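**Student:** One predicted model, sequence on top.
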Amino acid sequence: MNVPSPSSPHPARPSADRPAADIAAAKQAERTRLRAARRAIRPEERERQSRAAVEHLWAWLGPRVRARVAAGDAPAVGTVLSMPSEPDTAGLRRRLIDTGADVFVPVIEPERRLSWVRWRPDAATRRARLAPVEEPIGPRHGLDALADAAALVMPGLAVTDDGARLGQGGGYYDRVLAALPPSVPTVAVLFEDELLPAGSLPLEPTDRPVDAVATAAGLHMCRRPLPGSR
Ligand SMILES: Nc1nc2c(c(=O)[nH]1)N(C=O)[C@@H](CNc1ccc(C(=O)N[C@@H](CCC(=O)O)C(=O)O)cc1)CN2
Ligand SMILES: Nc1ncnc2c1ncn2[C@@H]1O[C@H](COP(=O)(O)OP(=O)(O)OP(=O)(O)O)[C@@H](O)[C@H]1O
């Protein structure tokens, strides 16, 4: 079987021959387009799509978390505190907590690194200095907190059918994906129009693909079936 290793660079590399500055500029233009499209999404529509995307994600993730909790091995799950422009992960976090998972969300560190803080519904948060995101206050952990996670649920602005991801531009998640054990399934949560055809996003050598995308339309497998999904 010719399945690419999850930690290898993305196999489809339409932008391989372009100068790096061109690719970065093309990404920036795409971010501008995608952010404008997000601003046009009404709150009720964001709510609807967030609920439906979480429902599809939970149909796969819920049973896996439950099984591990029942076996006395309550898993970690990485996710985010969503910005108002993003699909809302609040419903996912509530279900994870209700089911007994350990929920971790990112905190921005120097040199575009992330650390991970355990989140509870009553967690005190503060605004990050370098991005318009809330971060919980509390002990910070390295990526080892997610080494045996049931999933890493990621933000992003768009992902292609085959898993190429465009984020907010910090490279934070590319660094995470480069260091995360390939056994941890990675899923981006997006609005419906943000799952794009393969080949339609500019790629840099440091970009790392995601395994799947959850939208209101369903859970789309980009690279390999998620464990237990069939
Ligand atoms: N909820 C959430 N948390 C996250 C991320 C994320 O994408 N979403 N990140 C993922 O890496 C990291 C934070 N990085 C971020 C960097 C920039 C922006 C941002 O929204 N910036 C401005 C854009 C300014 C500009 O135009 O250049 C904005 O969109 O208004 C958000 C997060 C870690 N935590
Ligand atoms: N593993 C890495 N090591 C060093 N530099 C990196 C790494 N990953 C990404 N970068 C740098 O970070 C820059 C921004 O990355 P990119 O445009 O892929 O961010 P993004 O995936 O859109 O953002 P984010 O992950 O923060 O949501 C890249 O131009 C690249 O130079």
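**Tutor:** Nice, I can see it. Ligands and ions are numbered 1, 2, ... in the order given.
**Student:** For the residue most central in space within the chain, give the beta-bridge partners.
**Tutor:** Geometric centre of the chain, nearest residue: Met154, 1.0 Å, by C-alpha atoms, centre = their mean. As for beta bridges, Met154 partners with Ala188 under DSSP bridges.
**Student:** Give me the distance between it and Pro136.
**Tutor:** Distance of Met154 to Pro136, given as C-beta to C-beta, to the nearest Å: 17 Å. For the C-beta atoms, the positions are set from N, CA and C on the backbone; glycine is no exception.
**Student:** So which residues on this protein come close to ligand 1?
**Tutor:** Proximity of the chain to ligand 1, by C-beta under 6 Å from any ligand atom, involves residues 35, 80-83, 86, 106, 108, 114, 131-133, 155, 167-168, 170, 172-173.
**Student:** Which of the residues you listed fall in strands?
**Tutor:** If you go by DSSP state E, the residues of the chain next to ligand 1 have Pro106, Ile108, Leu114 in strands.
**Student:** so how far is Pro139 from the second one?
**Tutor:** So the one you mean is Ile108. 16 Å.
**Student:** among the ones in strands among the residues of the chain next to ligand 1, who's most crowded?
**Tutor:** Pro106 (25 neighbours; other C-beta atoms under 10 Å).
**Student:** So which residues of the protein form helices?
**Tutor:** Using DSSP state H, the helices of the chain run over 20-39, 43-70, 90-99, 172-179.
**Student:** With distance to Leu146, mean pLDDT and mean neighbour count added, can I get the ones you listed in TSV?
**Tutor:** Below are the helices of the chain laid out as TSV (distance: least, C-beta to C-beta, whole Å; pLDDT from 0 to 100; neighbours: other C-beta atoms under 10 Å):
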stretch	distance to Leu146	mean pLDDT	mean neighbour count
helix 20-39	26	96	13
helix 43-70	14	98	17
helix 90-99	13	98	18
helix 172-179	8	98	18
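**Student:** right, so of those, which gets closest to Pro121?
**Tutor:** helix 90-99 (6.2 Å; C-beta to C-beta).
**Student:** How far does the closest one sit from its chain's centre?
**Tutor:** Distance, stretch centre to chain centre, for helix 90-99: 16 Å (C-alpha atoms, centre = their mean, to the nearest Å).
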